[in-house]
Structures are given as structure tokens and as C-alpha cells.
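**Student:** Structure here, sequence nowhere to be found:
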């Protein structure tokens with residue numbers, strides 16, 4: 001899957017590869033220090049934040065959509081006896 005911004009896709013791939021390696025080689029063996037991928041994640045995160053600003057995506061709208069979906073899923077089902 002590509003990243004939100006085209007400029008960020010390569011960074012996403014690098015972070016995904018780092019995370020997958022860390023998860024299988026460290027986390028699953030009980031070593032939970034995640035500092036190995038932190039520098040790559042920070043660069044990728046900054047790129048995504050920049051893409052969000054450039055594309056004028058309002059995070060409040062996204063949060064609202066998510067919250068609405070959660071509320072709809074939590075409505076009681078009155079069809080059951």
C-alpha cells in the first residue's frame with residue numbers, strides 16, 4: 001500500500017521493512033526496545049504530516065467520520081428478544 005503522499009511512499013516502505021524486521025527479530029523474542037526504527041519513523045511521520053497539510057486534509061473530519069462509525073456500531077439491536 002502506498003503512503004498518503006507520493007513523496008512518502010519510499011519512506012513508508014523503509015519503515016515497514018524496519019518494523020517487520022524488528023517485530024520478528026526483537027519483539028517476538030521479548031526485546032521490546034523499539035528505538036531501532038524510531039529515526040525512520042520520525043522522518044516518515046514528518047512527510048505524512050506535510051502531505052496532510054499540502055492536501056488540506058482536516059483531521060477533525062476524519063475523527064468525526066470514525067466516531068460516527070463507532071457510534072453506529074454501538075447502537076443496541078432491538079430486534080433481538
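**Tutor:** Yes, it's here. Bear in mind that the values here come from a model prediction, so they are computed numbers and not experimental data. Residues are numbered from 1 along each chain as shown.
**Student:** drop to CA atoms for contacts and neighbour counts, all remaining ones
**Tutor:** Noted.
**Student:** ok, residue 14 - contacts?
**Tutor:** Neighbouring residues of residue 14 by C-alpha atoms under 8 Å, 6 or more residues apart in numbering: residue 40.
**Student:** Tell me which helix or strand it sits in.
**Tutor:** Using DSSP states H and E, residue 14 sits within helix 9-25.
**Student:** So which bits of the helix or strand just after that helix are buried?
**Tutor:** Past helix 9-25, further along toward the C-terminus, the next helix or strand under DSSP H and E is helix 38-54. Within helix 38-54, the residues that count as buried by 16 or more other C-alpha atoms under 10 Å are 40-41, 44, 47-48, 51.
**Student:** Closest to the centroid, which residue in the chain?
**Tutor:** In the chain, the C-alpha nearest the mean C-alpha coordinate belongs to residue 45, at 9.3 Å (C-alpha atoms, centre = their mean).
**Student:** For residue 8, see how far away that one is.
**Tutor:** Computed as C-alpha to C-alpha, to the nearest Å, the residue 45 to residue 8 distance reads 9 Å.
**Student:** Overlap of the contact sets of these two?
**Tutor:** In contact with both residue 45 and residue 8: no residue, using C-alpha under 8 Å, 6+ apart.
**Student:** what about the residue nearest to the centre of the chain, distance to residue 6?
**Tutor:** From residue 45 to residue 6 the distance is 13 Å (C-alpha to C-alpha).
**Student:** Same question for residue 30.
**Tutor:** Counting by C-alpha to C-alpha, the gap from residue 30 to residue 6 is 35 Å.
**Student:** How about the contacts made by residue 43?
**Tutor:** So residue 43 contacts residue 11 (C-alpha under 8 Å, 6+ apart).
**Student:** whoops, residue 40 was the one
**Tutor:** The contact partners of residue 40, taken as C-alpha under 8 Å, 6+ apart, are 11, 14-15.
**Student:** Apply 6 Å and report the result again.
**Tutor:** Counting by C-alpha atoms under 6 Å, 6 or more residues apart in numbering, residue 40 makes contact with residue 15.
**Student:** Return the distance of it relative to residue 58.
**Tutor:** 25 Å.
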